[in-house]
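Asker: A predicted structure for the sequence below; I have some questions about it.
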Amino acid sequence: MTSFDVIVIGGGVVGTAVLKSLASYEAKTLLLEKASDLSMGSSRANSGIVHAGYDAEPGTKKAYFNVLGAKMLPALAEELHVPYRKTGSLVAAKGGGEAGLEVLLDRAKKNGVRAEILSREKILELEPKISPEIQSALYAPDAGVVSPYKLTIAQGDFAVLNGATVKLNEKVEGIERAETGFIVKTSKGEYAAKAVVNAAGAGAKRINEAIGEMSVEQVYAAGDYYILDSKQSGVVNTVVFPLPDEKGKGILVAPTADGNVILGPTSRRVSEAQAERNAVTREGLALVREGVNRLISGVRIGDAIRVYAGTRTSVGSDFIIEESKSFPGYFMLLGICSPGLTSSPAIGEYVAEWAAKKFAFKKKEKTVPLPKKFKLSACSIEEAREKAKEDPAFGRIVCRCEKVTEGEILSAIHSPVPACTVDAVKRRVRAGMGRCQGGFCMPRVMEILSRELHLPLTAIRKGDEGSEIAPYEVKDGYEEL
């Protein structure tokens, strides 16, 4: 049985933030993720918004970690070479909505967040296509957008590069107390640890129950989204929210860190089983279209290149971030819904400092930086030519929509946390995220995966087990089909 100092359960943005922060200490760490890649739950399917911190109730954990995380994210994104844009945000209100904006402005002041209420004339300077219905808005200049899945994966890569272990396709099935800490039982083996961090997102309740900790009531809310082609990028400059109501922040219109436009989400209560499926609904997409038209004029839904749904999990009005009183060394991160993405760097640092203090982990003198990878779409013709001379794989374009080369795909497959599926490649280098959504490049990506992983094409999956894209060769499967 392999022993570790800390085991982190869950490979979302919070779990990898904890792992990344622990990588700065002399500690042996392990992250366990049940899916085939990091960022497969809420961290994959969300708005990617870096919230400024005006919305959270003052004095809550949400407010504290949101504001601190928002300050940390620009430097973190630069360190990990993750797409990030400081856009600012607007909470848009119709006539008569000023009282609601004043409430948010008061929260902003109490939380130490820069914000001001703008007139329609000032709004038009930022958003020329704002709906005629909007008369005032709360402007928070420090809001932004980040790629949530690239941040999650980069944190995992950094941690592995600095000595951490990440195990995918390994579901936690039980946790027991041991003389020196805990025994974590998975679908593939057992591991010992001094400390366990439950960052399992939607699965956090199950992990708590596995050890015998408090059972929490988790509420699952699904949200439907549209992604528009990058040619619509000029339709909006900031993150534009409606004035929030009892259902949440509402349907937004925002640029993404990668140059697209995102619309959504709705908020519909779903069961745990429905949350696992992450399926959009016709009614939900209709609500998105309706909500968008109330905010921004000229949004062309016909330029949508993808629809998807994401699920957020809450356990009340605030985050649960605490060490178990019944099981010292077991740390719970539950209900980390919005603004969880923004809060994640601060939560990761907080948990790492807790572990370092509790177990006397020493700070490393230095860490190994994550190298910046070549990206054809971000370089000049001269740089591209030089790279192709150095390695011809970087001169062969596989994804025409996003200008992704074979060299970039090979780099993703052989990353510290390797990309072993078509979707894992897509999340790292965007092959398949363009207008055709992989219609042209997917077969080539499959061939490269097959060659590099020494697997037959029939074993190459889109994502998790059971998602094989070409399960038969025609001559072998014809009769069965």
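Answerer: Now that the structure is in, tell me what you want to look at. Residues are numbered from 1 along each chain as shown.

Asker: rest of the way, CA atoms for contacts and neighbours
Answerer: Noted.

Asker: the helices in the chain, which residues?
Answerer: 13-22, 61-80, 98-111, 120-126, 148-161, 204-211, 272-277, 282-293, 340-359, 381-390, 406-413, 422-429, 442-453, 474-477 (DSSP state H).

Asker: helix 61-80 and the third one, what's the angle between them?
Answerer: So that's helix 98-111. On the basis of axes from the mean of the first three to the mean of the last three Cα atoms, to 10 degrees, helix 98-111 is oriented at 70 degrees to helix 61-80.

Asker: so what touches helix 98-111?
Answerer: Here helix 98-111 makes contact (Cα atoms under 8 Å, 6 or more residues apart in numbering) with 53-58, 63-64, 67, 91, 93, 114-117, 136-138, 243.

Asker: check the second one too.
Answerer: Contacts to helix 61-80, defined as Cα under 8 Å, 6+ apart, come from residues 50-53, 55-57, 83-84, 111-113, 142-143, 146, 151, 154-155, 158, 318-319, 321, 339-340, 342-347, 369-370, 372.

Asker: that helix to helix 340-359, inter-axis angle?
Answerer: 90 degrees.

Asker: confidence-wise, which helix or strand of this structure is lowest on average?
Answerer: helix 474-477 (a mean of 62; mean pLDDT, DSSP states H and E).

Asker: next one: residue 30 from residue 254, what distance?
Answerer: 36 Å (Cα to Cα, to the nearest Å).

Asker: and residue 277, by the same measure?
Answerer: Relative to residue 254, and taking Cα to Cα, residue 277 is found at 25 Å.

Asker: residue ranges with poor pLDDT in the stretch 101-250 of the chain?
Answerer: Counting by pLDDT under 70, the stretch 101-250 of the chain contains low-confidence ranges at 246-248.

Asker: switch the cut-off to 80
Answerer: The stretch 101-250 of the chain contains residues with pLDDT under 80 at 245-249.

Asker: and the strands in it?
Answerer: 116-119, 134-140, 144-146, 165-167, 172-178, 181-186, 190-198, 219-228, 239-242 (DSSP state E, counting those that start in this stretch).

Asker: most tightly surrounded among these?
Answerer: Among the strands of the stretch 101-250 of the chain, strand 144-146 has the highest mean neighbour count (mean count of other Cα atoms under 10 Å), at a mean of 26.

Asker: elements contacting that one?
Answerer: strand 49-50, strand 84-86 (3 or more Cα pairs under 8 Å, 6 or more residues apart in numbering; DSSP states H and E).

Asker: and that strand, how far out from the chain middle?
Answerer: In terms of Cα atoms, centre = their mean, to the nearest Å, the centre of strand 144-146 is found 11 Å from the chain centre.

Asker: residues contacting that strand, please?
Answerer: Looking at what lies outside strand 144-146 - Cα under 8 Å, 6+ apart - the contacts are 48-52, 77, 82-89, 238-239, 255-257.

Asker: list the strands paired with that strand, with their directions.
Answerer: According to DSSP bridges, strand 144-146 forms sheet pairs with strand 49-50 (antiparallel), strand 84-86 (antiparallel).

Asker: need those in JSON lines with distance to residue 427 and mean neighbour count, can you?
Answerer: Putting the strands paired with strand 144-146 into JSON lines (distance: least, Cα to Cα, whole Å; neighbours: other Cα atoms under 10 Å) gives the following:
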{"stretch": "strand 49-50", "distance to residue 427": "17", "mean neighbour count": "30"}
{"stretch": "strand 84-86", "distance to residue 427": "15", "mean neighbour count": "20"}
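
Asker: show me the one of these that comes nearest residue 425.
Answerer: Nearest to residue 425, of all the strands paired with strand 144-146, is strand 84-86, at 19.8 Å by Cα to Cα.

Asker: distance between the closest one and the chain's centre?
Answerer: 15 Å.

Asker: then stretch 261-272?
Answerer: Taking mean C-alpha positions (Cα atoms, centre = their mean), stretch 261-272 and its chain are 15 Å apart.

Asker: buried residues in that stretch?
Answerer: Within stretch 261-272, the residues scored as buried using 16 or more other Cα atoms under 10 Å are 261, 262, 263, 264, 265, 266, 267, 270, 272.

Asker: from residue 182, how far off is residue 356?
Answerer: Applying Cα to Cα to residue 356 and residue 182 gives a distance of 17 Å.

Asker: contacts only, for residue 58.
Answerer: Applying Cα under 8 Å, 6+ apart, the residues near residue 58 are 107, 110, 111.

Asker: which among those end up buried?
Answerer: 107, 111.

Asker: distance to residue 395 for the contacts of residue 58 - can I get that in JSON lines?
Answerer: Below are the contacts of residue 58 laid out as JSON lines (distance: Cα to Cα, whole Å):
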{"residue": "107", "distance to residue 395": "52"}
{"residue": "110", "distance to residue 395": "53"}
{"residue": "111", "distance to residue 395": "50"}
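
Asker: ok, the contacts of residue 58 vs residue 19, which is closest?
Answerer: residue 111 (27.6 Å).

Asker: what about that closest one, distance to residue 56?
Answerer: 8 Å.

Asker: ditto for residue 309
Answerer: 24 Å.

Asker: domain boundaries for the protein, per the record?
Answerer: Split into domains by automatic domain parsing, the chain comes to 1-84+145-216+315-372, 89-141+219-311, 376-470.

Asker: and these, which is most packed in?
Answerer: When these are compared using mean count of other Cα under 10 Å, domain 1-84+145-216+315-372 is most buried, at a mean of 21.

Asker: between the two ends of it, how far is it?
Answerer: Counting by Cα to Cα, the terminal residues of domain 1-84+145-216+315-372 are separated by 36 Å.

Asker: cool, and stretch 5-25?
Answerer: First-to-last distance for stretch 5-25 - Cα to Cα - comes to 11 Å.

Asker: run the chain-centre distance for that stretch.
Answerer: On Cα atoms, centre = their mean, the centre of stretch 5-25 falls 15 Å from that of its chain.

Asker: what of stretch 289-304?
Answerer: 24 Å.

Asker: touching it from outside, list them.
Answerer: 92, 129-131, 133-134, 226-229, 232, 235-236, 240-242, 251-253, 263-264.

Asker: OK, contacts around the residue lying closest to residue 89 once chain neighbours are set aside?
Answerer: Spatial nearest neighbour of residue 89, excluding adjacent residues (Cα to Cα, 6 or more residues apart in numbering): residue 239 at 4.4 Å. Residues in contact with residue 239 (Cα under 8 Å, 6+ apart) are 49, 87, 88, 89, 90, 143, 144, 252, 253, 254, 255.

Asker: just put the residues you listed in CSV and tack on distance to residue 202.
Answerer: Converted to CSV, the contacts of residue 239 look like this (distance: Cα to Cα, whole Å):
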residue, distance to residue 202
49, 20
87, 30
88, 30
89, 28
90, 30
143, 26
144, 25
252, 23
253, 26
254, 26
255, 27
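
Asker: distance of residue 125 from residue 455?
Answerer: Counting by Cα to Cα, the gap from residue 125 to residue 455 is 55 Å.

Asker: got it, and residue 467?
Answerer: From residue 467 to residue 455 the distance is 15 Å (Cα to Cα).

Asker: one more: residue 196?
Answerer: Counting by Cα to Cα, the gap from residue 196 to residue 455 is 34 Å.

Asker: what does residue 228 give?
Answerer: 34 Å.
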